[in-house]
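A.B. asks: What shape does this take:
(chains A and B, ligands or ions: 3)
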Amino acid sequence: MSISEQTRAELVELAGRYPVARSALLPMLHLVQSEEGYVSPEGIAACAATLGLSTAEVAAVSSFYTMYKRRPAGKHHIGVCTNTMCALLGGDAVWQAVSERAGAGHDEVSPDGLFDMERIECQAACTHAPVMTVDWEFFDQTTPEQAVAVLDQLAAGAEVVSTRGPVVRGFRAAERTISGIDDDGLTDEGGHADELMLATLRAAAERGIGPADGSAAATSGGPAA
Amino acid sequence: MTLTPVLTAHWDEADCYTIDGYRRHGGYDQVAKGFQMGPDALIQLVKDSGLRGRGGAGFPTGMKWGFVPQGDGKAHYLVVNADESEPGACKDIPLMLANPHALIEGCILTSYAIRANWAFIYVRGEVPHVHRRLRAAVREAYAAGLLGTDIQGSGFDLDLVVHAGAGAYICGEETALLDSLEGRRGQPRLKPPFPAVAGLYASPTVVNNVETIANVPYIVRNGADWLTQWGTEKSPGFKLMSVSGHVRRPGVYEVALGTTMRQLLEYAGGMRHGGEPKFWLPGGSSVPMLTAEHLDLPLTYEDMAAAGTMLGTATPMVFDDTVSVVKAITRWLEFYKHESCGKCTPCREGTGWIAGTLGRFEAGQGTEAELGMLEELCAQIMGRSFCALGDAAATPFPAAFKHFRSEWLAGTHTPADQAFDPVAATVLAAGATR
Ligand SMILES: Cc1cc2nc3c(=O)[nH]c(=O)nc-3n(C[C@H](O)[C@H](O)[C@H](O)COP(=O)(O)O)c2cc1C
Ligand code: SF4
Ligand code: FES
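C.D. replies: Numbering: from 1, shown residues only, chains lettered A, B, ... in the order given. Ligands and ions are numbered 1, 2, ... in the order given. Modelled structure (predicted):
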């Protein structure tokens, strides 16, 4: 594959956002990954050309970070957190179930090319354990049955919506969002805060405690302590 | 001590993450106030408040800002650490999803105080929805004239860039983060020089955690005394504490520092099966574990240190007696082994050794001699590695061995999954309350 003119222009745009162009390298690698499905030799060359680096320098950076794939990715990235909290609360069982369903192990793509399977580390969502991610969107408090059902729905081409984010659109679209090149229009999806994020306000309401941020509304809302 | 809805105060409003929702409660009013005060007065205010960094080490924030040399003619930078990857920590990600503008207003005030015209928020790559919310909020702030050139006619310019990492826990370490932000492999730098003197592009740089910076607008609004009404002299203020594990209502609890784990458990509805935790970690996997006997200790930097552990990220993980300590610790060590950047020998080799040896105990194949060897290995790594990741990797085992010696001895003959039915620990198990 080759890098399109549009992508080359976008790489230049990303580089222009920083006082020193090389700072854009990680976002740039996300962007080539969104076009190529992995960090391809052409993608590395395009980044190197944009920044005036050697391809060896760019490849050395790329290989340090686990999010960059060294071979073409499956259509959907499936991550199951198997760090301690998630693993114990059910993540190990979730991983076993989805890995069997996909017919692929860690860092493997399912034979049909649909699922790129990865055991992932803590996703800053332990409150929501066990956690699965599809194209890096959260599927919180999942079970083996629910997780397998998500894969089934994806395989059937159905619309699948994250528990704290938008509809999943595939690995490459997610990588474009992460690169930050443009607005994907999905900011307002997924609700403002879920039940677990609202734990403070629920516990405070039960005890008659109002906002403590010192805003005007807080004063009328009641005392802080 | 009590619940303190400050950063979380309006998360129940559907537009809490938008500029309109933020402004409804006085958001961005502090920018003009800060410009009026001037940079030095802002630094003094944060010093007076006693605010300590929320990224784990608890370094005094105002003091850190004060280390930036002034009038040196160099560019200065603010870098916000939004890499949140410490196992157990889940506070910055919810904060950026629901209240990104508090972080942005904090960036404006902090950058002005330290005389920086560029600020960067380094967000771990794996959270596209956080990237969306933050980037949308930054666009709103630019459109409102709160970012860009000559902000509110003050003559102060600030550009704010939301940056994406790419999956490396070590990039949360501040100097590794700076190398990563320069487009390099994220490996720690030798300190000194500290970032305040030679940080991003070798220029004076303040690196602060998301929650630290999000505190700033509220301190500017309400004053230093307002912050010190909560907590203790050494640990003033409030804290986002994510409570995870075998509690009935896990979630993000914003409480005064000095709240006890027992109070937090009460807010969280208690343990799922009642009773007390078998063990818990006050702030991430990199701090020594505690047990039920420590439930009444105030969650402050000083009280946790006195108990032989650390407050760390103040994000407690709580486990009941269905959990094998051996299995839990082994899994964390596999994490450290995976995330070791490989730069120094004690950590690169040591994490592999510890993880491998622990794995034998999990399989019921350890030996008593290896227990002594593990203790010695951890002692050898502690203080001898290039950065704090190596120390973190040497931390979990010694406390777990001290508190649960018999379980490690059982690991010389019985696999962890036989001693503890793994299904019982899950929240999927029949009869689980949740
Ligand atoms: C291995 C490692 C990982 C770290 N990860 C984070 C992180 O994800 N977020 C963070 O704010 N600090 C992290 N830190 C601490 C930072 O090095 C630094 O102390 C912190 O960002 C300073 O901000 P503060 O003073 O506001 O706490 C980490 C440290 C180490 C050694
Ligand atoms: S202690 Fe570990 S993570 Fe830190 S520099 Fe050494 S090898 Fe890298
Ligand atoms: S352990 Fe899975 S999200 Fe933290």
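
A.B. asks: care to break chain A down by domain?
C.D. replies: Domain assignment for chain A by automatic domain parsing gives A:5-62, A:76-169.

A.B. asks: tell me the mean pLDDT over the longest one?
C.D. replies: The predicted model assigns domain A:76-169 a mean pLDDT of 98.

A.B. asks: next one: the first one
C.D. replies: Over the span of domain A:5-62, the pLDDT mean works out to 98.

A.B. asks: With stretch B:153-167 instead?
C.D. replies: For stretch B:153-167, the mean pLDDT works out to 98.

A.B. asks: low pLDDT regions in chain B?
C.D. replies: B:429-434 (pLDDT under 70).

A.B. asks: How about the longest strand along it and chain A, any contact?
C.D. replies: Secondary structure assigned by DSSP state E gives strand B:238-245 as the longest strand of chain B. Yes: counting by C-beta under 8 Å from any C-beta of the partner chain, chain A is contacted by strand B:238-245 at B:238, B:242-245. Bear in mind the C-beta positions are built from the backbone N, C-alpha and C, glycine included.

A.B. asks: Of these, which fall within the contact range of ligand 3?
C.D. replies: When C-beta under 6 Å from any ligand atom is applied, no member of the residues of strand B:238-245 next to chain A is adjacent to ligand 3.

A.B. asks: Minimum distance to B:Ile108: which of the domains of chain A has it?
C.D. replies: domain A:5-62 (18.1 Å; C-beta to C-beta).

A.B. asks: what about the strands in chain A?
C.D. replies: So, for chain A - with DSSP E - the strands run A:76-81, A:108-109, A:115-120, A:132-134, A:137-139.

A.B. asks: Just want the residue of the stretch 101-250 of chain B that's nearest ligand 1.
C.D. replies: Residue of the stretch 101-250 of chain B nearest ligand 1, by C-beta to the nearest ligand atom: B:Gly172 (2.1 Å).

A.B. asks: go on, chain A?
C.D. replies: A:Ala124 (8.5 Å).

A.B. asks: neighbours around that residue, how many?
C.D. replies: Per other C-beta atoms under 10 Å in any protein chain shown, the neighbour tally for A:Ala124 reads 29.

A.B. asks: show me what contacts it?
C.D. replies: A:Ala124 makes contact with B:84-85, B:89-90, B:92-93, B:124, B:127, according to C-beta atoms under 8 Å, 6 or more residues apart in numbering or on different chains.

A.B. asks: Kindly list the main-chain dihedrals of B:Leu3?
C.D. replies: phi -70, psi 140 (degrees, to the nearest 10).

A.B. asks: now check the helix or strand following the longest strand of chain B, is it near ligand 3?
C.D. replies: Downstream of strand B:238-245, the next assigned helix or strand under DSSP states H and E is strand B:251-256. No: Strand B:251-256 stays clear of ligand 3 (C-beta under 6 Å from any ligand atom), getting no nearer than 13.4 Å.

A.B. asks: Strand B:251-256: how far from the chain's middle?
C.D. replies: Distance of strand B:251-256 from the chain centroid (C-alpha atoms, centre = their mean, to the nearest Å) equals 14 Å.

A.B. asks: And stretch B:118-136, by the same measure?
C.D. replies: That offset, for stretch B:118-136, works out to 16 Å (C-alpha atoms, centre = their mean).

A.B. asks: still on that earlier bit, would you mind finding the most buried of the domains of chain A?
C.D. replies: Highest mean neighbour count among those (mean count of other C-beta atoms under 10 Å in any protein chain shown): domain A:76-169, with a mean of 21.

A.B. asks: Which single residue of chain A ends up nearest ligand 2?
C.D. replies: Ligand 2 sits closest to A:Phe64 of chain A, with a gap of 11.4 Å, by C-beta to the nearest ligand atom.

A.B. asks: Now for that residue: which residues touch it?
C.D. replies: A:Phe64 neighbours (C-beta under 8 Å, 6+ apart): B:168, B:185-186.

A.B. asks: which among these gets closest to B:Gly38?
C.D. replies: Of all the contacts of A:Phe64, B:Gly186 has the smallest distance to B:Gly38: 36.0 Å, by C-beta to C-beta.

A.B. asks: so what's B:Tyr336 up against?
C.D. replies: Counting by C-beta under 8 Å, 6+ apart, B:Tyr336 makes contact with B:351, B:355, B:389, B:392-393.

A.B. asks: Pull out the buried residues from stretch B:239-259.
C.D. replies: B:239-247, B:249-259 (16 or more other C-beta atoms under 10 Å in any protein chain shown).

A.B. asks: Briefly note if that stretch comes near ligand 1.
C.D. replies: No: Stretch B:239-259 lies out of reach of ligand 1 by C-beta under 6 Å from any ligand atom, never closer than 11.7 Å.
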